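A.B. asks: Okay, predicted coordinates and the sequence, questions at the end:
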Amino acid sequence: MGEKAHNETILDIARLLPHTLKNFLTGLRLSIDELHDLLAEHNLQDHTDFQVSCSELGKGMERLNRLGGALRELFVIEELAPEPFDLGELLREQILPWFAEKHSDHFLEYTAGSAPATVLADKRGTELCLQHVLSNAVAGSSGNATVSLSVAAEENGTSRVVVTVTDRGSGIPGHIQERLFQPFVSGWPNGVGMGLFVTKEFMHRTGGEVQIESEPGKGTTARLFFPADGDAGKI
Ligand SMILES: Nc1ncnc2c1ncn2[C@@H]1O[C@H](COP(=O)(O)OP(=O)(O)OP(=O)(O)O)[C@@H](O)[C@H]1O
Ligand SMILES: [Mg+2]
């Protein structure tokens, strides 16, 4: 088999995997629920060994679920449909409500330039990357710490729009920083290590880039640079 055909076969398998995983996990969840009911009927639901196994199984299932999600995201960023849109509007209308619901124990401080920040990018992929960077900022901060989000024209006058996410959390340990954008590199117990890999791939394919600066013990700043849609992007 030639290299191209070989790669296609791997991609075909990878495309099947999220669906197979989802079906498997749904089946497993139903079986566990039934087992719970059965044990409850016999007053055995509080059995410690069973509780521990369920908790371990739950963590494994959560990781597999996120792995399936990450694989699905890889296919989102393979089929990009760039269009001009106002990044400030996307932040206000999609990202701020998502953050308030998903991370209700953290406060998000948002600042934006007054004029529209029109960029040329795939909207769904943009949302995914912003969610990854914001979720990392939350995971790296202690409970109810403030995370900052801003959108502005890049300072050196290029026609790029930059979204900045800053946290004042733990910072990224040196050994993780070295391999930050590689797939499956995670410093967190339940992390899959795909968020920043997907973000880097997406930003690259969009004609932009992602930069991360971090100081252990002080916090982290992530910057996502998007190409402006012609002169309309100047804000
Ligand atoms: N803001 C941050 N503060 C502290 N550590 C961070 C921050 N952002 C990233 N990291 C470190 O970089 C690692 C890689 O991040 P990445 O988003 O790629 O994976 P993940 O969050 O572990 O898993 P996933 O995003 O796939 O669920 C994290 O596990 C964490 O160790
Ligand atoms: Mg992440």
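C.D. replies: All right, it came through fine. Numbers count the residues shown, from 1 in each chain. Ligands and ions are numbered 1, 2, ... in the order given.
A.B. asks: tally of neighbours for the closest residue to residue 39 other than its chain neighbours?
C.D. replies: Distances taken as CB to CB, 6 or more residues apart in numbering put residue 45 closest to residue 39, at 4.6 Å, once the chain neighbours are dropped. To be clear about C-beta, it is placed using only N, CA and C from the backbone, and glycine gets the same treatment. Counted by other CB atoms under 10 Å, the residues lying close to residue 45 total 15.
A.B. asks: ok, residue 45 touching residue 33?
C.D. replies: No: Residue 45 sits out of contact with residue 33 when judged by CB atoms under 8 Å, with a separation of 11.6 Å.
A.B. asks: what element comes up after the longest helix seen in the chain heading to the C-terminus?
C.D. replies: The single longest helix within the chain, with elements called by DSSP state H, is helix 3-41. Next helix or strand after helix 3-41 toward the C-terminus (DSSP states H and E): helix 48-76.
A.B. asks: what domains does the record give for this protein?
C.D. replies: Domain segmentation of the chain under automatic domain parsing yields 3-76, 83-233.
A.B. asks: The shortest one near ligand 2 at all?
C.D. replies: No: among the residues of domain 3-76, none lie within reach of ligand 2 under CB under 5 Å from the ion; the closest is 9.3 Å away.
A.B. asks: Give me the number of neighbouring residues for residue 227.
C.D. replies: There are 17 residues near residue 227, going by other CB under 10 Å.
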